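*Asks:* got a structure for you, letters missing:
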């Protein structure tokens with residue numbers, strides 16, 4: 001028997017003003033672009049969940065509260081429709097109530113403010129650890145990854161459960177916090193969660209622990 005892909009629910013484009021209004025009413029905005037694009041500019045309060053990840057649809061389910069309807073932001077309408085189709089494989093497509101027409105260009109043309117997320121390299125992180133007082137590190141990989149090697153003094157909390165355990169990470173909303181994972185994608189998701197919860201001094205570490213170890217920077221187990 002040939003396994004056919006599920007049929008997605010209808011998908012409609014929404015103007016920036018409509019996305020802004022519905023976000024205010026409680027809809028979750030999910031930005032499916034790359035972490036670099038999200039860093040350059042995104043809808044304030046949106047989740048960063050990159051659609052190129054093989055776990056994209058699962059990450060939607062892990063991170064976005066089940067009771068929230070979803071609005072998608074992508075590079076273009078075609079990318080939004082591909083992301084929506086992926087969500088259909090785990091039955092999440094019905095939660096999508098629209099896509100931002102024109103992507104972030106449409107958002108800017110609509111006169112809406114955007115937010116940014118600073119991206120720092122592992123070398124910049126190391127330099128700040130040596131010179132900046134109070135910089136915290138949050139490693140959002142899974143526990144088995146953490147056990148294989150991590151940066152000395154870093155906190156650990158999987159991005160999947162971060163939103164429900166912010167009090168456990170020992171990092172306050174006013175702290176400067178550099179967030180990393182294995183490559184910089186899950187950490188972008190974690191950064192977006194922190195930003196949604198009032199953290200403002202947040203930095204995404206590009207390349208993550210993969211770049212850190214490739215640069216022969218010190219780790220501990």
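*Replies:* Happy to help now that I have it. Quick caveat: nothing in here was measured; it's all calculated off a predicted structure.

*Asks:* just to check, residue 12 is in contact with residue 98?
*Replies:* Yes - under the criterion of C-beta atoms under 8 Å, residue 12 makes contact with residue 98 at 5.2 Å. C-beta: built from backbone N, CA, C; applies to glycine.

*Asks:* more neighbours, the two?
*Replies:* residue 98 (19 against 10; other C-beta atoms under 10 Å).

*Asks:* what helix or strand is the more buried one on?
*Replies:* Per DSSP states H and E: residue 98 is located in strand 96-100.

*Asks:* quick one, strands of the protein?
*Replies:* Counting by DSSP state E, the segments of the chain that form strands are 13-14, 28-31, 47-48, 70-73, 96-100, 119-120, 136-139, 155-156, 177-180, 202-205.

*Asks:* for the residue most central in space within the chain, what are its contacts?
*Replies:* Geometric centre of the chain, nearest residue: residue 189, 2.0 Å, by C-alpha atoms, centre = their mean. The contact partners of residue 189, taken as C-beta atoms under 8 Å, 6 or more residues apart in numbering, are 47-50, 59, 63, 140, 159.

*Asks:* state the distance from it to residue 111.
*Replies:* Plainly put, residue 189 is 28 Å away from residue 111 if you go by C-beta to C-beta, to the nearest Å.

*Asks:* in stretch 12-26, what counts as buried?
*Replies:* 14-16, 18-20, 22-23 (16 or more other C-beta atoms under 10 Å).

*Asks:* check stretch 119-131 too.
*Replies:* In stretch 119-131, counting by 16+ other C-beta under 10 Å, buried: 119-120, 122, 125-126, 128-129.

*Asks:* touching that stretch from outside, list them.
*Replies:* Stretch 119-131 is contacted by residues 35-36, 39, 135, 137, 178, 180, 184, 203-208, 211-212, 215, 217 when judged by C-beta under 8 Å, 6+ apart.

*Asks:* quick one: buried ones out of those?
*Replies:* 35, 39, 135, 137, 178, 180, 184, 203-208, 211-212.

*Asks:* from those residues, which shows the smallest pLDDT?
*Replies:* Lowest-confidence member of those: residue 135, scoring 92 (pLDDT).

*Asks:* count the neighbours of the nearest residue to residue 20 once chain neighbours are set aside for me.
*Replies:* In space, and not counting its chain neighbours, residue 20 is closest to residue 112: 5.9 Å by C-beta to C-beta, 6 or more residues apart in numbering. Counted with other C-beta under 10 Å, the neighbours of residue 112 add up to 16.

*Asks:* over to the one 4 residues further on?
*Replies:* Residue neighbour count, defined by other C-beta under 10 Å, stands at 11 for residue 116.

*Asks:* circling back to that earlier point, check the buried residues of stretch 12-26 and tell me the two furthest apart.
*Replies:* Greatest spatial distance among these (C-beta to C-beta): 15 and 23, at 12.7 Å.

*Asks:* what about residue 169, distance to residue 180?
*Replies:* 14 Å.

*Asks:* shared neighbours of the two, anything?
*Replies:* Taking C-beta under 8 Å, 6+ apart as the criterion, residue 169 and residue 180 both touch residue 138.

*Asks:* mind checking pLDDT for the nearest residue to residue 115 once chain neighbours are set aside?
*Replies:* Nearest non-adjacent residue to residue 115, counting by C-beta to C-beta, 6+ apart: residue 44, 4.2 Å away. Predicted confidence (pLDDT) for residue 44: 98.

*Asks:* was I right to think residue 139 contacts residue 147?
*Replies:* No - using C-beta under 8 Å, residue 139 is not in contact with residue 147, being 11.1 Å away.
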